[in-house]
Structure formats: structure tokens, C-alpha cells
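Student: The sequence and its predicted three-dimensional model are supplied below.
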Amino acid sequence: MRGLVLALLFTAGWIPLYVFRAEEMSEALPYYSAAERRSVRYAAVILIAHTSIACIVLSLTSPPLWRAGLGLLLFGAAIGFCMWARAQIGPLRLTRLPDQPPPTLRRDGPFGVVRNPLYLGYLVAAAAPAVTAGRPLLAVTYAACFLALAIRAAQEERRLHTQLGPAYAEYCRSVKRLIPYVW
């Protein structure tokens, strides 16, 4: 029963991340190159598949309380970090198109931790049910999530280099891409 409750919490917890997206996928896709369109779709499918598999596995188990607590802590931190980053991009209900440069180059808050704080938040949120379930198979699906989001981060950064020029290049030299202080 504990696993089922946790699976439902982890599933419902993604709702604010989709409601307050920085861009509407259907509106943004025409502005992307063919490779970017594929990556956007693949990243979404991979994240959904991993989270679904993790939650199904979790719902069939009863993880120890320490793993349940750790998973909930990770998940709460991830959602909080994502919402903090999203609020710094602009009003939560305001979306933008890929060809629109950001109004300002943020170097503070979550953007001072990594250049792609939303993707870091997604990765931590995706790790939470996998850590809670504690099954090795989920490490494989999580690795696919990491790869998909790393590709998306690199694609978005190429666009930002074009839009923001030398200021963004300098920012890239001082702040890591996706893993704080590492990469």
C-alpha cells in the first residue's frame, strides 16, 4: 500500500511542471530544427516512460520508510527547484517561443547553480521514484532520461549562444551545464 501511495504522489507531483512550462510544445515545435523536434519529443517520451515504469514498479512494492522519505525529500526539492527556476524565467503563466531570447540573462538563483535548472529539476524528480523503488532496471531508464535531457540542454544552449552572444559564452565559462560544479 505504501508503494501505491508514493507512486500516486510522484505521478501527481509532475502536474505543476507541465502546467507551468516555459514554452508550449505544440507552439514551439515549428521553430525548432528537425533534430530539435525529434529531441523534444524523445525527451518527453523517455521521461514519461521512465516515470511510469518507476511508479508501476513502486506501486507493486513496499519500500522501507527510509527510502520512502529519501524519495519524497528528493522529489520535493526537485519540484521546488523547478518552480523557483521557472518563476525566474518570467511570470508562470507566460510562455515564450524558442526564437524569442530571454528578457534578461539570469546568473542568480537557480541559474547560478546550473545553466539548465529546469532540466536538473526534472532529473532529480525522475530519480525520486527510482531511488524509492530501489530496482536496478530503473538505473537504465534513468540513464536514458539523463542522456535525453543532456542533448536538449546542448541544443538549447546553441540557440542561446546565437541569441545572447559573448555574454552567454562568458556565463557558460562560469556556470556548469547540468550537474552543479561538475558538468
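Tutor: Received the coordinates, thanks.
Student: so what's the residue nearest the centre of the chain up against?
Tutor: Central residue of the chain (CA atoms, centre = their mean): residue 122, 2.3 Å from the mean position. The contact partners of residue 122, by CB atoms under 8 Å, 6 or more residues apart in numbering, come to 17, 47, 78, 82, 145, 149. For the C-beta atoms, the positions are set from N, CA and C on the backbone; glycine is no exception.
Student: check which helix or strand covers it.
Tutor: helix 117-133 (DSSP states H and E).
Student: right, and the helix or strand after that helix?
Tutor: Downstream of helix 117-133 (by DSSP H and E), the next one is helix 137-164.
Student: Okay, angle between the helix or strand following that next one and helix 137-164 too, please.
Tutor: Downstream of helix 137-164, the first helix or strand assigned by DSSP H and E is helix 166-174. Per axes from the mean of the first three to the mean of the last three CA atoms, to 10 degrees, the angle that helix 166-174 makes with helix 137-164 is 150 degrees.
Student: picking that back up, which of the contacts of residue 122 sits closest to residue 163?
Tutor: residue 149 (20.5 Å; CB to CB).
Student: Can you tell me how far that closest one is from residue 117?
Tutor: 12 Å (CB to CB, to the nearest Å).
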